[in-house]
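Enquirer: 3D model of this:
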Amino acid sequence: QEQVVESGGGLVEAGGSLRLSCVASPRSLSIADMAWSRQAPGKEREFVARINWISGSTNYADDVKGRFTISKDNAKNTVFLDMKSLKPEDTAIYYCNARPIVGREIWGQGTQVTVSS
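Expert: The predicted structure is shown next:
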């Protein structure tokens, strides 16, 4: 069964850092790219960052540029989101998705990130 599983969320003070991880399975899954999105209470889900699985090229939402870094480990089908200088407005459920070369996008259940002021 194709799935992605996020981990690494938690509670952090403003200005702090967190690293999120997301593992896609099965290992044989042919991935085109993986991305992170987030959904804050009362708001729609929004794009955060994406990484191309072959080239490694990345793109970010404007409000996280310079603070968040997306990276990958191809051998482990894992994508990371390193978040620093966190702000209370970064509080949200963070979702990972994998876009296979063939087939539908695969979404995880999300991991909660809470930034206290």
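Enquirer: count of residues packed around residue 92?
Expert: Close neighbours of residue 92, defined as other Cβ atoms under 10 Å, add up to 22. C-beta coordinates here come from the backbone N, C-alpha and C atoms, glycine included.
Enquirer: what's the closest non-adjacent residue to it?
Expert: residue 38 (3.8 Å; Cβ to Cβ, 6 or more residues apart in numbering).
Enquirer: dig out what that neighbour forms beta bridges with.
Expert: With DSSP bridges applied, the residues forming beta bridges to residue 38 are residue 46, residue 94.
Enquirer: swap in residue 31?
Expert: Applying DSSP bridges, one finds that residue 31 bridges with residue 100.
Enquirer: give the contact list for it.
Expert: The contact partners of residue 31, by Cβ atoms under 8 Å, 6 or more residues apart in numbering, come to 24, 53, 77, 98-101.
Enquirer: PyMOL command for the buried members of these?
Expert: Here is the PyMOL command that selects the buried residues among these (16 or more other Cβ atoms under 10 Å):
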select buried, resi 24+53+77+98+99+100
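Enquirer: pretty sure residue 77 sits against residue 28.
Expert: No. Using Cβ atoms under 8 Å, residue 77 is not in contact with residue 28, being 9.3 Å away.
Enquirer: picking up where we left off before, can you pull the contacts of the residue nearest to residue 92?
Expert: For residue 38, the contact set (Cβ under 8 Å, 6+ apart) comprises 45-46, 48, 90, 92-95, 113.
Enquirer: all good on my end, thank you.
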